[in-house]
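# Let me see the structure of the following:
(2 chains)
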There are 2 protein chains.
Amino acid sequence: MEKVFVFGHKNPDTDSICSAIVHAELKKQLGMTVEPIRLGEINSETQYALDYFKVDAPRLVENVGDEVNSVILVDHNERQQSADGIENLRILEVIDHHRVANFETSDPLYFRVEPVGCTATILNKLYKENNVSISKEMAGLMLSAIISDSLLFKSPTCTDEDIQAARELAGISGVNADEYGLEMLKAGANVSDKTASQLISLDSKEFAMNGSKVQIAQVNVVDPSELMSRQEDLEEVMNKEINEKGLDLFLLVITDILNNDSVAIAAGEKVSAVEKAYNVTLNNNTAVLKGVVSRKKQVVPVLTEAFSNLVSKI
Amino acid sequence: MEKVFVFGHKNPDTDSICSAIVHAELKKQLGMTVEPIRLGEINSETQYALDYFKVDAPRLVENVGDEVNSVILVDHNERQQSADGIENLRILEVIDHHRVANFETSDPLYFRVEPVGCTATILNKLYKENNVSISKEMAGLMLSAIISDSLLFKSPTCTDEDIQAARELAGISGVNADEYGLEMLKAGANVSDKTASQLISLDSKEFAMNGSKVQIAQVNVVDPSELMSRQEDLEEVMNKEINEKGLDLFLLVITDILNNDSVAIAAGEKVSAVEKAYNVTLNNNTAVLKGVVSRKKQVVPVLTEAFSNLVSKI
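Prediction:
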């Protein structure tokens, strides 16, 4: 049987890595020949989860099309967030919890997107729908993904379904979700040993907004001032990426995981979109985004809206 | 609570009408304020099903945005097949069984596409997943949709899941699927009273294929020669639509529901794509497409492929 790769988005976060492993395991149980892979480096939060539950990291594959013809996407659907050359591959399935955009197939497929906080919450359902039992390890990885995406259930993206799934999965995996979760988030929030380049690509996604190219990176920390002291270095690498990729805006969102606020650093020709989106004035290219912790719910939609207004005024 | 419209594609077929009614009923049972509507005329096959199960047709709404802000799409996702102005509406859900293309939202949503033969097959699952019991009428409409889309289980799009769902639904609705199904298909295949304009818009969809605009209409008949005797009239209205909509190709697929073959009439500047796709030579603008009954599985993908080759040779 033809082998199929299962993978999450570029610059993978804990959901992208864990959901690739967990969904590949489900597909294996259902008789498919699959391998979970990753499109980028494992971050320290994800490594903590993999170590804790003693699961190997998926293999890094740079040129997906060299090895397989068919793929399953988890935790993303937009072309620019996926493997290079994705337009030449057959996409058999998508399991995701983001907006749908920049996606096209020529054939029908299984496309399951739900407005929940985490891909793993949908996978937990899929195991049940297919009557496949969930191992302790897979439960642990799904729980880790939900804790990561929901910032320990505090993000506005977190739904009752996510909380219910996390409760079930904590039971199967045998951990205390709050204690384990805080340790995992702290492991990821330790960014003192990261270079500026690493920081802006840890969890970074590109979006097309009304014709503009917008990169939005997010870093979780326990003390934002530590990173703000490196603002000059960060802006330098942000501007480098703007030039290389032809971006109109690069927004770096530094999220305080204890107080649930963010500080943003903006660079690029269209920084005014940030000011419009949040009704703030950038001060030395930065702004405090009170209560903002979710890129998906509190950044992407408001910036998309701001960009549509920007253009309509031209 | 804000009202939400549920609707299928333009030029609605039995699945688009029945699935809108059936899914709206599910949403009502779950506490939402919804109304099923339709974007076009009811065809005689669908009318037969509605009459048989004594269910009213949904209301025809031309300007969806004048009445609601939020919508649920069934049986389609591509923008050009949906309500005019769909890009200004909030799409809460999509339940579909086609390829995914030309679709974009700014927010996460519930997007459930499965590679099965009929939207109603997915709806049958959703009733179960939500623990909502299926009435005799709703079962009858779902059964009708599956019979219509699968040409009484003979189309290559028909999956085991569709057959299993149809069996369950026939039981609930209390009809013999084969007997009822043949009568329903025959009611739809009686096209002698239709004008040429009506014939080419009965079940007609527009597709974007590698930059080209392609309209594909399908008519089910019991005797293709009856329609072929009206070829001149049909080509006249096809060419009129080509000019009005700026189409590159208009393909009319006339399907013999008893013998499961089709005859195609092609018009437009890019008819050569049809010759490449099926490795045939058009004779007086027509070609026999042996064993072809499914637009989705046997027409759209092969034409899409032919168009991608056409352009790469320029």
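
# Show me what from the stretch 151-300 of chain A comes close to chain B.
By the rule C-beta under 8 Å from any C-beta of the partner chain, the part of the stretch 151-300 of chain A lying against chain B is A:K296, A:K297, A:V300. Yep, even glycine has a C-beta here, placed from its N, CA and C like the rest.

# In helices, which of those residues appear?
Secondary structure assignment (DSSP state H) places A:V300 from these within helices.

# Can you flag the buried ones in the residues of the stretch 151-300 of chain A next to chain B?
Neighbour-count burial within these applies to A:K296, A:K297, A:V300; the criterion is 16 or more other C-beta atoms under 10 Å in any protein chain shown.

# would you list those residues in TSV and tack on distance to A:N11?
Below are these laid out as TSV (distance: C-beta to C-beta, whole Å):
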residue	distance to A:N11
A:K296	15
A:K297	19
A:V300	15
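
# In TSV: those, plus pLDDT.
As requested, these are arranged in TSV below (pLDDT from 0 to 100):
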residue	pLDDT
A:K296	87
A:K297	87
A:V300	93
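
# just curious, which of those is nearest to A:N259?
If you rank those by distance to A:N259 using C-beta to C-beta, A:K297 comes first, at 18.0 Å.

# wait, doesn't the closest one sit right on A:S155?
Yes: under the criterion of C-beta atoms under 8 Å, A:K297 makes contact with A:S155 at 7.5 Å.

# host element of A:K28?
Assignment of secondary structure by DSSP states H and E places A:K28 within helix A:14-29.

# Ok, A:L126 next?
When elements are defined using DSSP H and E, A:L126 is found to belong to helix A:119-129.

# other SSEs contacting that helix?
Counting by 3 or more C-beta pairs under 8 Å, 6 or more residues apart in numbering or on different chains; DSSP states H and E, the packing neighbours recorded for helix A:119-129 are helix A:14-29, strand A:90-96, helix A:136-150, helix A:160-173.

# buried sites along it?
A:T119, A:A120, A:T121, A:I122, A:L123, A:N124, A:K125, A:L126, A:Y127.

# Touching the lowest-mean-pLDDT helix or strand in chain A from outside, list them.
Evaluated with mean pLDDT, DSSP states H and E, the helix-and-strand set of chain A has its lowest mean pLDDT in helix A:300-312, which scores a mean of 83. By C-beta atoms under 8 Å, 6 or more residues apart in numbering or on different chains, the surrounding residues in contact with helix A:300-312 are A:99, A:207, A:209-212, A:214, A:216, A:249, A:251, A:270, A:272-274, A:276-278, B:106-107.

# could you redo the helices and strands packed on helix A:119-129 as CSV and give each row mean neighbour count and distance to A:N239?
As requested, these are arranged in CSV below (neighbours: other C-beta atoms under 10 Å in any protein chain shown; distance: least, C-beta to C-beta, whole Å):
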stretch, mean neighbour count, distance to A:N239
helix A:14-29, 26, 27
strand A:90-96, 22, 31
helix A:136-150, 27, 29
helix A:160-173, 18, 37
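
# wait, which of these is closest to A:L60?
Closest to A:L60 of the helices and strands packed on helix A:119-129, according to C-beta to C-beta: helix A:14-29, at 10.9 Å.

# From the contact counts, what lies against the helix or strand following that closest one?
Note on helix A:14-29: by DSSP H and E, the next helix or strand toward the C-terminus is strand A:34-38. Contact here means 3+ C-beta pairs under 8 Å, 6+ apart; on that basis strand A:34-38 packs against strand A:4-7, helix A:14-29, strand A:59-60.
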